Every structure is written in structure tokens, then in C-alpha cells.
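Q: When you get a sec, could you give me coordinates for this:
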Amino acid sequence: MDITIRPANPDEHEPLGEITAQAYLQDGLLDYGEGDEYLPVLKDVASRAAAADVLVAVDGERLLGGVTFVAGPGPVADIARPGEAEIRALAVAHEARGRGAGEALVRACVDRARATEGCAAVVLSTQRSMHTAHRIYERLGFVRTPERDWNPVPHLDDLTLLTYQLTL
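A: Residues are numbered from 1 along each chain as shown. Sure thing, here's the model as predicted:
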């Protein structure tokens, strides 16, 4: 597979939203399945692209997955502080997994962070069950930052998100 990472084109927003939503649904990461309130957020790539950089992994014309790179605090960031970039909504289509697309997307975000003036770290949030993603992050030098773990839905105790950081 020849993977290319590049900015998403507007005509890829909807298909990338579907890939992202299906990745979360198929991995059992949404508490209420198709009725989960986070599902429309995952599908809304256009809104993320309006406020941050959405990157895609492609093999020729085939869309494999994508990620949102947030250059610092702002409307799309969850945990980024000044001087930090954030990785959001990393997703790879099930049929494309295990071929390096996820790692290539994370590497592209790290490269963008290094090229961002004043950026000293990259941060991200992840669910406990995303073990494959955790392995990618750790292989690339990210470390757990349990003091920053947080819960986006306080009434759901089991939804505490784990955080990672890579100091640049």
C-alpha cells in the first residue's frame, strides 16, 4: 500500500465523516450506537475543517482515514493549552487497518506541530479501549498524562478519556 497524507478536500468531508463514525461504531466506542449524541459530531468533518486542519490518508484515490490537527487552543480543541497542538478524531477504515495509515496520520500531525511556531507539545485524548491507537502513540514517544484525564460526559463515569502528550 502506498499511503499519502494530505489535507482533506471538501468533497472528502462527508466520506471521511462516515469512516470516522463507522470506526467508532464498529469498535463499540459509542455508548448508544446510532443514537449516540457524539455521532453527528464525528460525522461533521466540515465544521472541524473550518476551524482546524483535517488530514486524510489515501492510497491512490482510495480514502483510508483521517485526523484533525488543531494548532492550539480554540473551538475544536478539547485539552490543548497555549503552546500545545492537539490531535482529534483519528480514524481509519476497518478494511485499511494494520497497514500504517493511522501511524502515518499521527506522524503527519507531529510534523505539523514541529513546524508550528511556539508549539512545544502535542496532546490528545483517547478512550481506554483504543489499545491499537495507544500502541501507535507510545511507539511515537507519547507518554500518558493521567493528571489531565477528563470526562466529556460527567454523568457517565466510565467515559473518562485518557490523555497523552509528546514533548517536542
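
Q: And the one helix or strand in the chain whose mean pLDDT sits lowest, what's buried?
A: Scoring the helices and strands of the chain by mean pLDDT, DSSP states H and E places helix 39-43 at the bottom, with a mean of 87. By neighbour count on 16 or more other CB atoms under 10 Å, the buried set for helix 39-43 is 39, 42, 43. All C-beta atoms are positioned from the backbone trio N, CA, C, and that covers glycine.

Q: Dump those into TSV; add distance to residue 65 as well.
A: As requested, these are exported to TSV (distance: CB to CB, whole Å):
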residue	distance to residue 65
39	17
42	13
43	14
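
Q: Pick the one among those closest to residue 103.
A: Sorting those by how near they are to residue 103, with CB to CB, puts residue 42 at the top with 20.8 Å.

Q: you'd agree that closest one is up against residue 21?
A: Yes: counting by CB atoms under 8 Å, residue 42 touches residue 21, with 4.7 Å between them.

Q: How confident was the prediction at the closest residue to residue 144 other than its chain neighbours?
A: With sequence-adjacent residues excluded and distances taken as CB to CB, 6 or more residues apart in numbering, residue 144 is closest to residue 164, at 5.9 Å. Note for residue 164: predicted pLDDT of 98.

Q: on that earlier part again, CA atoms of the least confident helix or strand of the chain as CSV?
A: C-alpha atoms of helix 39-43 as CSV (Å, rounded to 0.1, in the frame of the first residue of the first chain):
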residue,chain,number,x,y,z
LEU,A,39,-22.2,10.5,16.3
PRO,A,40,-23.2,13.8,14.5
VAL,A,41,-20.0,15.5,15.8
LEU,A,42,-17.9,12.6,14.4
LYS,A,43,-19.6,12.9,11.0
